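> compute the structure for the input listed below.
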Amino acid sequence: MKSVNIVSVIIAGNIMNVLSAIVAEIMQILQNQIKQNVRTDSANESIHC
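Just a heads-up that it's a prediction; the model follows:
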């Protein structure tokens, strides 16, 4: 039983690492999109002026 618990803990740790990596990638993608949106907004404002 103890060995099964250790394996489940290792699997849970790997899942947490994968989830944290996915969240980090999503955050980077969102930040890049926000930066691009800000650039396009500022460009549009300069064009309108």
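> check the gap between the spatially most central residue of the chain and Asn32 for me.
By CA atoms, centre = their mean, the mean C-alpha position of the chain lies nearest to Ile26, the distance being 2.5 Å. The spacing between Ile26 and Asn32, counted by CB to CB, to the nearest Å, is 11 Å. Every C-beta, even on glycine, is put in place using the N, C-alpha and C of the backbone.
> now do the helices in the protein.
Taking DSSP state H as the criterion, the chain contains helices spanning 2-48.
> where does it have low pLDDT?
Low-confidence segments of the chain, defined by pLDDT under 70, are located at 1, 48-49.
> and the residue nearest to the centre of the chain, how far from Met16?
16 Å.
> residue contacts, Val4?
Neighbour list for Val4: empty [criterion: CB atoms under 8 Å, 6 or more residues apart in numbering].
> if I look at it, how far off is Gln28?
Taking CB to CB as the measure, Val4 falls 37 Å from Gln28.
> cool, Met16 as well?
Distance, Met16 to Gln28, using CB to CB: 19 Å.
> so what's the residue count around Ala21?
By other CB atoms under 10 Å, the residues close to Ala21 number 10.
> please apply the same query to the one 3 residues further on.
Residues lying near Ala24 (other CB under 10 Å) number 10.
> before we move on, what about Ser3?
Ser3 has 7 nearby residues by other CB under 10 Å.
> do the same with the one 3 residues further on
By the criterion of other CB under 10 Å, Ile6 has 10 neighbours.
> what sits against it?
With contacts taken as CB under 8 Å, 6+ apart, Ile6 has no neighbouring residues.
> look up how far Ile15 lies from it.
For Ile6 relative to Ile15 (CB to CB), the value is 15 Å.
> check Asn37 too.
Counting by CB to CB, the gap from Asn37 to Ile15 is 33 Å.
> try Gln36
Separation of Gln36 from Ile15 (CB to CB): 32 Å.
> can you check Ser3 too?
Taken as CB to CB, the span from Ser3 to Ile15 is 19 Å.
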